[in-house]
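Would you be able to build a 3D model of this:
(one chain, ligands or ions: 2)
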Amino acid sequence: MSYLVVTDAAKQFGPSFMALNGVSLSVERGEFFTLLGPSGCGKTTLLRAIAGFNDLTSGEITLDGSNLRVVPPHQRDIGMVFQDYAVFPHLSVFDNVAFGLKPRKVPAAQIKTRVTQALEAVRLGAMAERLPAAMSGGQQQRIGLARAMVINPRLLLMDEPLSNLDAKLRIELREEIRDIQKQVDIATIYVTHDQEEALAISDRICVMNSGKIEQIGTPQEIYGNPQTRFVAEFVGTLNIFQPGAALDAMLGKLGLAHAGAATWAVRPEHLDLAGPDSDGNGSATLPGTVSKYTYLGREAHVQVETPAGRLVVQLPNPGMAATREAGEAVSVLVPRTAPMSFSANGARMGG
Ligand SMILES: Nc1ncnc2c1ncn2[C@@H]1O[C@H](COP(=O)(O)OP(=O)(O)O)[C@@H](O)[C@H]1O
Ligand SMILES: [Mg+2]
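Ligands and ions are numbered 1, 2, ... in the order given. Model prediction:
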């Protein structure tokens, strides 16, 4: 049986609004599990229900086989890290971390050992006596992480812990959080709306939308094999083909047909560009005119107007020679394996 099991969780606010609507998932021991979805989709509501800060309207949560409904929040042994650092500026780093142990009546000698260990784990060992006020946002968030870990929690919950940090620090700290989590081996549920962060940090990702789960899978499964149009668009970018004769001809050339497919789409990095008269060399071709060229260092995005709609083609490692001018005639190459199809309700059909 899985370590944490959420079964058919629902949370209603007000007369009719469902913040969670039939959410079922399970998290394994030691797993780094991420809730990913747009603002308002119910991530925090689910996390708070697991922590015991709010009750579910219906559904069940079990941790290590026991039902959490009857366990008050302070007895759940769950560590939490929030977006706000929530450090006490007038307490030393040591005392900030020790604060988590206060209500637990831990003997003084043990406090010293455990706080020291937690500070070592987040690499703040040398700063135990400092006041947090003078420390960076990244360091303050590591204090928060140490405080969550010092209670030896059965589960670690993190709600957008990196949102208040600048981009570069966010990337550094997410690597650290992942390393620390693997080292302490505590099952962790991590909340973010940042798809790249989710891909980088997670063992598995649960994509949520409007209080429901769209898909649960490894980063590779979520990105490489999205099961709904929502997942495909939220994680990564998607070109949607315009329906019509050009699309039909292209699908015909590729031998692709799905009766009832409402939408055909393709990822920018699966397309390529060639000269206007290219035969496609096994790929289908769409004639087009470049309307924009965006150079991004390790990649370039070429926007092309075609009879099947506007497509963005992502080219890796663009050298000087790869530059395309607006107005240039090109062919967009669509490999057989690139197109994905979705039904009218957004479910993945094929491709
Ligand atoms: N206490 C509450 N009362 C009423 N509505 C709430 C309450 N808490 C959250 N909501 C609503 O529930 C939805 C989900 O919120 P939340 O779980 O915070 O989303 P997320 O964390 O994914 O951004 C939002 O529409 C939010 O406005
Ligand atoms: Mg939230």
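
which ones are touching the spatially most central residue of the chain?
Nearest to the geometric centre of the chain sits residue 198, at 2.9 Å (C-alpha atoms, centre = their mean). If you count contacts by C-beta atoms under 8 Å, 6 or more residues apart in numbering, residue 198 has them with 34, 36, 190, 192, 205, 219, 222, 235. (Glycine included, C-beta is placed from N, CA and C.)

Tell me how far it lies from ligand 1.
13 Å (C-beta to the nearest ligand atom, to the nearest Å).

can you check residue 225 too?
Counting by C-beta to the nearest ligand atom - residue 225 and ligand 1 are separated by 24 Å.

Likewise for residue 168?
24 Å.

Contact partners for that residue?
No contacts exist for residue 168 under C-beta under 8 Å, 6+ apart.

Kindly confirm my reading that it is in a helix.
Yes - applying DSSP: H, G, I helix; E, B strand; the rest coil, one finds residue 168 inside a helix.

What residue, apart from its backbone neighbours, is nearest residue 91 spatially?
residue 99 (6.9 Å; C-beta to C-beta, 6 or more residues apart in numbering).

Quick check: the gap between the one you found and ligand 1.
Residue 99 is 25 Å from ligand 1, by C-beta to the nearest ligand atom.

next one: residue 299
Taking C-beta to the nearest ligand atom, one finds residue 299 at 30 Å from ligand 1.

One more: residue 27?
18 Å.

For that residue, grab the count of nearby residues.
Other residues near residue 27 come to 22 when the count uses other C-beta atoms under 10 Å.

In this structure the residue nearest to residue 91 contacts residue 88, no?
Yes - Residue 99 lies in contact with residue 88 (C-beta atoms under 8 Å); the separation is 7.0 Å.

got the residue ranges for the strands in the stretch 1-150 of the chain?
Here the stretch 1-150 of the chain has its strands, by DSSP state E, counting those that start in this stretch, at 4-13, 17-27, 32-36, 58-63, 66-67, 78-81.

follow-up on the earlier one: which residues pair with the nearest residue to the residue nearest to the centre of the chain once chain neighbours are set aside across the strands?
If the residues on either side of it in the chain are set aside, residue 198 comes closest to residue 36, at 4.3 Å by C-beta to C-beta, 6+ apart. Beta bridges link residue 36 to residue 192, residue 207, judged by DSSP bridges.

just residue 240 next, same as before
residue 265.

Next one: the residue in the stretch 51-200 of the chain positioned nearest to ligand 1, what pLDDT does it get?
Residue of the stretch 51-200 of the chain nearest ligand 1, by C-beta to the nearest ligand atom: residue 191 (6.6 Å). On pLDDT, residue 191 comes in at 98.
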